[in-house]
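Enquirer: Just the structure for this:
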Amino acid sequence: MITTPPGLYFLSLAYVASLFPGLFCMQAVSSFSDSCSTSILRLTNGVLAVICSVLIYEIITHLRPSLDDKKATLRAVVLSLYPLHWFFTFLYYTDVASLTAVLAMYLLILKKKYLFSSLIGALSVVIRQTNIIWMLFVACSGVIEFTQSRRKDRAEVDGISSPREKDDPSANLKDASIISNLRKRRVNNGAKSRNKITPQSSVPMTYTSGLLDEIHDIIIISWNHFWELVVSFSPFFMVFVAFVAFIRWNGSIVLGAKDAHTVSPHFAQLLYYGVVSTLFMVPIHFSLDQAALLFRQFCKKKLLSLFQWFMALALGFLSVEFFSIAHPYLLADNRHYTFYLWRKVINYNRSTKYLMIPLYVYSWFSIVGNLAKNQKKLWVLVYFLACAASLVPAPLIELRYYTIPFYFLILHTDIPDSKSWFFMGLLHISINCFTMYMFLFRPFYWKHEVGAQRFIW
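Expert: Got it, this is the predicted structure:
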């Protein structure tokens, strides 16, 4: 049953329409409907995967302009081989199109093309309705970057005006024109050269501030630039309002099988995502250096760290005990790897799910610690809330739901060591070889249904 909007079908229709004249002239097909074959429809995702790889490369070079082309290409290739993305490139699922649209939206907002970003955001929601959360996350990231750039403008102006104010009484009269010129220069040059202006996401904070300080700064700067902010980000608000209207009309965010996909408080899903994501980034999160770093951070503020770990373990216990859902599809469909992960790992016996709580907590502490090295604390909080909003309501454990949050995580994690990227690439290739072998050469059969069944994520 179809449970997502028809965005992928619209893209496929456009793609098939572009191929049809050539196929018809070569007498490969006799009608338009003949060109809508399974292989051609699946090829839609192949084309989108190539576009997605280009977008990944562009985002990497934008976030880290000092990175040379070889290293940027290596990272883009490794990320394109991410198993949960790569596998569905060969099938007709919405995952590849969804990721491509979200990354395109994010790249456009990094380049301060807010209107086009919101239009791609609308397309991403038409492909998969839960992308409304990632559209809001991208918009919030844009607001944070917007206020950060205005803060730099103010700092530049203060640096110019402060030495002159003592000697020149007319300096204050000239400040307004200086501010205006600086802003115009930033707007005109920001999109032309990524080497001159380093985005906020790739530069460590040059001052120490707390979360409340960052929120206070954003509120003040946003108020001072209220109308500029409204004009820039109102298209995102319009898409959000349209989505709310659709939810009200439809009665739910769910399409299709509403009974099987009801919104549920599945907090354990957030814990599973933390472990899965860190396992796909083993060299970063499960190295001796990372463990030593977390231990040093714990020792710096023992009481605070002890309280944080205690609260995290307590919340993990409550999530596992009261908000861990065993969906009927999870228990019945042995085609999915999650069926075996649930039976053989998570729910192997009564104690297993509790023994994994420290691993869940460590994974999230490692994720947050790595992100906080280069991101504002507010950005990390918004990312966590976006992950929670997209994953917690989903009652079914589907690893492909983790794809978009994983890409935002790894794109903003500083991994300067090329050896780690090579190791991750080998890990991804090994997993891809295994999953493709199981899919192609290990079919099995159900007694109650005709045809071969195959293992998928």
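Enquirer: What segments of the stretch 351-457 of the chain are strands?
Expert: Counting by DSSP state E, counting those that start in this stretch, the stretch 351-457 of the chain has these strands, from start to end: 444-445, 452-453.
Enquirer: now these as TSV including mean neighbour count, distance to V382 and mean pLDDT?
Expert: Bear in mind the C-beta positions are built from the backbone N, C-alpha and C, glycine included. Compiled in TSV, those are given as follows (neighbours: other C-beta atoms under 10 Å; distance: least, C-beta to C-beta, whole Å; pLDDT from 0 to 100):
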stretch	mean neighbour count	distance to V382	mean pLDDT
strand 444-445	10	43	92
strand 452-453	11	41	92
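Enquirer: Dump those strands into a markdown table; add distance to S234 as well.
Expert: Listed next are these as a markdown table, based on distance: least, C-beta to C-beta, whole Å:
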| stretch | distance to S234 |
| --- | --- |
| strand 444-445 | 53 |
| strand 452-453 | 49 |
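Enquirer: so which of those comes closest to Q129?
Expert: When the strands of the stretch 351-457 of the chain are ranked by distance to Q129, counting by C-beta to C-beta, first place goes to strand 452-453 at 28.2 Å.
Enquirer: on that earlier part again, quick one, which of the strands of the stretch 351-457 of the chain is nearest to F236?
Expert: Closest approach to F236 among those is made by strand 452-453 (42.1 Å; C-beta to C-beta).
Enquirer: Which strands border the closest one, and is each parallel or antiparallel?
Expert: Strand 452-453 has the following sheet partners, assigned by DSSP bridges: strand 444-445 (antiparallel).
Enquirer: what's the nearest residue to A386 once chain neighbours are set aside in contact with, if anything?
Expert: For A386, the nearest residue in space outside its immediate sequence neighbours is F137; the separation is 4.0 Å by C-beta to C-beta, 6 or more residues apart in numbering. Shown here is F137, whose contacts under the criterion C-beta atoms under 8 Å, 6 or more residues apart in numbering are 382-383, 386, 408.
Enquirer: what about the stretch 101-250 of the chain, any weak spots by pLDDT?
Expert: Under the criterion of pLDDT under 70, the regions of the stretch 101-250 of the chain flagged as low confidence span 153-209.
Enquirer: Need the three-state assignment for I284.
Expert: Here I284 is recorded as helix under DSSP: H, G, I helix; E, B strand; the rest coil.
Enquirer: Helices along the stretch 1-150 of the chain, start to end?
Expert: The residue ranges that make up the helices of the stretch 1-150 of the chain, judged by DSSP state H, counting those that start in this stretch, are 7-25, 38-63, 69-80, 83-86, 95-110, 114-127, 131-165.
Enquirer: L330: which of those helices is closest?
Expert: Nearest to L330, of all those, is helix 83-86, at 16.8 Å by C-beta to C-beta.
Enquirer: returning to what we had before: just the helices of the stretch 1-150 of the chain: most buried one?
Expert: helix 95-110 (a mean of 26; mean count of other C-beta atoms under 10 Å).
Enquirer: Quick check: which helices or strands does that one pack against?
Expert: Packing partners of helix 95-110 (3 or more C-beta pairs under 8 Å, 6 or more residues apart in numbering; DSSP states H and E): helix 7-25, helix 38-63, helix 83-86, helix 114-127, helix 131-165, helix 403-411.
Enquirer: what angle sits between that helix and helix 403-411?
Expert: Between helix 95-110 and helix 403-411, the angle formed by their directions is 50 degrees, by axes from the mean of the first three to the mean of the last three C-alpha atoms, to 10 degrees.
Enquirer: Off-centre distance for helix 95-110?
Expert: How far helix 95-110 lies from its chain's middle: 9 Å, per C-alpha atoms, centre = their mean, to the nearest Å.
Enquirer: hang on, the earlier thing: out of the strands of the stretch 351-457 of the chain, which gets nearest to E228?
Expert: Using C-beta to C-beta, the nearest of those to E228 is strand 452-453, at 55.9 Å.
Enquirer: Alright, calling it a day.
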